[in-house]
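*Asks:* Provided below are the primary sequence and the corresponding predicted coordinates.
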Amino acid sequence: MTDAAIRIDGLRKTYRGGKGQPEKQALKGIDLSIPQRSVFGLLGPNGAGKSTLINILAGLVVKSAGSVSIWGYDQDRNPRQSRSAIGVMPQELNLDPFFTPRGALEVQAGLYGVPKAERRSDEILELVGLSDKAESYARTLSGGMRRRLLLAKALVHHPKILVLDEPTAGVDIELRQMLWTNVRKLNEQGMTIILTTHYLEEAQEMCDEIAIINHGEKIAQDSTANLLGRMDSRTMVIVPDSPVIDLPATEGVEAALRDDGNLVLQYRSAQTNAEQVLEAVRAANIRIRDVRTEEADLEDVFLALTSSRSEDAPAVDPDQPRRGMHRVKL
Ligand code: ADP
Ligand code: MG
């Protein structure tokens, strides 16, 4: 028995193209080892191959090559044991509209061979906040409630590993909090959690370890702390009150003037704080009309990992407007 919850070696998936469609290599030989009891983040942009990987783990997609071992059980040699070690909350809302939450959990428990005496439908419905909807048809449930039910279904057979595929994409704050509270609780009880997300902040808060995949390849795997250490670049954009004559000059801050007259300042949050940047701006006699900061996001990580492999901050084109802008108060 290894101490990995999941071990993946040389995993490949090629989707056959439909009529006139080329085939698609969604996974191009992924090796991945996920530690037991971790909260593990699988990150990557849309189309990276995250759902494909997870659906292979769940037994919903058939791999083209490679091996997958779940809790020490090879997926091909021990399909039943490997399947019962994992519970998956899929990205798609694939629920039978004519089942009630309680009914859906009972059917799921039956599929996994959970004996009647060991079923805990009420407890699970309570956990996900669906107790009062236990007898409502799934088709009458809101999108958020359907997601809760998908989580409940993933938990029915007491899996050692819980996998959540983009659980918080497009959900409201209450549901997001319910999810994270439960993820923490289940992890404290010893469950290994694997989640995909393209929200870096979320991964940062929740995950001990992160793997990043892009175009079907793993481009990084590290502890969250180590990964974040690579991407603490910050950008501050200053709208000056009058045209800038002298650029601020201070160590650790790179200043540039854009065509629109705005001042772009780049720094690393580990070395310089926003106050020091603002001081440098004031020292250059620049009056600030408005200011925004931009934090490093997943895009920066990709830039850092794909374009420059050095320890330096990723190169950012100051002329490119970027996502994730936040207004800050002065
Ligand atoms: P992610 O979850 O990271 O957004 P996916 O695993 O859903 O990525 O998709 C990876 C790639 O495989 C994408 O290019 C997607 O279009 C393609 N793909 C996914 N599912 C299928 C399918 N059933 N048939 C053909 N191509 C697919
Ligand atoms: Mg996906």
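*Replies:* It's in. Ligands and ions are numbered 1, 2, ... in the order given.
*Asks:* any idea how far residue 91 lies from residue 266?
*Replies:* 35 Å (C-beta to C-beta, to the nearest Å). All C-beta atoms are positioned from the backbone trio N, CA, C, and that covers glycine.
*Asks:* And residue 162, by the same measure?
*Replies:* Distance from residue 162 to residue 266, by C-beta to C-beta: 39 Å.
*Asks:* Please give me every residue in contact with residue 138.
*Replies:* Contacts for residue 138 were tallied using C-beta atoms under 8 Å, 6 or more residues apart in numbering; they are 95-101, 104, 146, 149.
*Asks:* What's the nearest residue in the stretch 51-200 of the chain when you look at ligand 2?
*Replies:* residue 51 (3.2 Å; C-beta to the ion).
*Asks:* Wait, that residue touches residue 169, no?
*Replies:* No: the pair residue 51 / residue 169 is not scored as a contact, 11.2 Å apart, by C-beta atoms under 8 Å.
*Asks:* where do the contact lists of those two overlap?
*Replies:* In contact with both residue 51 and residue 169: residue 91, using C-beta under 8 Å, 6+ apart.
*Asks:* Check which helices and strands the longest helix anywhere in the chain sits against.
*Replies:* Longest helix in the chain by number of residues (criterion: DSSP state H): helix 173-188. If contacts are counted by 3 or more C-beta pairs under 8 Å, 6 or more residues apart in numbering; DSSP states H and E, helix 173-188 sits against helix 143-155, strand 161-165, strand 192-197, helix 200-206.
*Asks:* in the last one, what counts as buried?
*Replies:* Residues of helix 200-206 classed as buried under the neighbour-count rule (16 or more other C-beta atoms under 10 Å) are 200, 202-203, 206.
*Asks:* Over to the first one?
*Replies:* Residues of helix 143-155 classed as buried: 144-155 (neighbour count, 16+ other C-beta under 10 Å).
*Asks:* now the angle from that helix to strand 161-165?
*Replies:* 150 degrees (axes from the mean of the first three to the mean of the last three C-alpha atoms, to 10 degrees).
*Asks:* what packs against helix 143-155?
*Replies:* By 3+ C-beta pairs under 8 Å, 6+ apart, helix 143-155 packs against strand 86-89, helix 101-111, helix 121-127, strand 161-165, helix 173-188.
*Asks:* what do you get for the third one?
*Replies:* With contacts defined as 3+ C-beta pairs under 8 Å, 6+ apart, the secondary structure elements packing on strand 192-197 are strand 4-15, strand 24-35, strand 39-43, helix 50-57, strand 161-165, helix 173-188, helix 200-206.
*Asks:* circling back: looking at residue 91 and residue 266, which has the bigger crowd around it?
*Replies:* Legend: neighbour count by other C-beta atoms under 10 Å for residue 91 and residue 266, higher for residue 266 (21 against 17).
*Asks:* Beta-bridge partners for that one, please?
*Replies:* Beta-bridge partners for residue 266, by DSSP bridges, are residue 235, residue 254.
*Asks:* wait, doesn't it sit right on residue 234?
*Replies:* Yes: using C-beta under 8 Å, residue 266 makes contact with residue 234 at a distance of 7.1 Å.
*Asks:* circling back to that earlier point, got TSV for the helices and strands packed on helix 173-188, with distance to ligand 2 too?
*Replies:* Putting the helices and strands packed on helix 173-188 into TSV (distance: least, C-beta to the ion, whole Å) gives the following:
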stretch	distance to ligand 2
helix 143-155	14
strand 161-165	6
strand 192-197	6
helix 200-206	14
